[in-house]
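Student: Predicted model and sequence below, questions to follow.
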Amino acid sequence: MSAERIISDFRDISMTFQINPVNNDLIALKNENAIARALRNLVLTNLGERPFQNDLGSRVSRLLFDNIDEFVASSLESEIKSVIQRFEPRVKLIKVSSVPNYDNNSIDIKIIYEIIGIDALPQQLSFALQPVR
């Protein structure tokens, strides 16, 4: 059983790199928004994409080049679960679901998780994965 950390706050910078007009610093994401952005970035990062962290990332983009069906959706769920459990210790994963959207040639992903260390309700992150050719 893992010990839960008690943290008052999670922060990250916004990937838009916009400047806060009050303090001329980069805009920060806090708590739920920071974790959601980190999860999405982790899922969409290709293996070997980050310098000096060759094992960080997932095979999600490779799976999207296959024909979209239930098998690919199931493989995506497994890959997303694996990458989150290996590389994001701030969350406790509850459920990952994927639903093929044949009309849009995409797969709708829903990740439900709890944030460890802050008092918040379970969070939901939803997005569509679509092959880019």
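Tutor: Good, I have the coordinates.

Student: wait, doesn't S74 sit right on S98?
Tutor: Yes: the criterion here is C-beta atoms under 8 Å, and S74 meets it with S98 at 7.4 Å. Every residue, glycine included, has its C-beta placed from N, CA and C.

Student: Looking at the two, which is more packed in?
Tutor: For S74 versus S98, the count of surrounding residues by other C-beta atoms under 10 Å is larger for S98: 21 against 11.

Student: which sections of this protein are below the confidence cut-off?
Tutor: Filtered on pLDDT under 70, the chain yields the residue ranges 1-17, 26-31, 133.

Student: you'd agree A36 is in a strand?
Tutor: No: counting by DSSP: H, G, I helix; E, B strand; the rest coil, A36 falls outside a strand, being helix.

Student: from now on call the first residue 11
Tutor: In the new numbering, first residue 11, that becomes A46.
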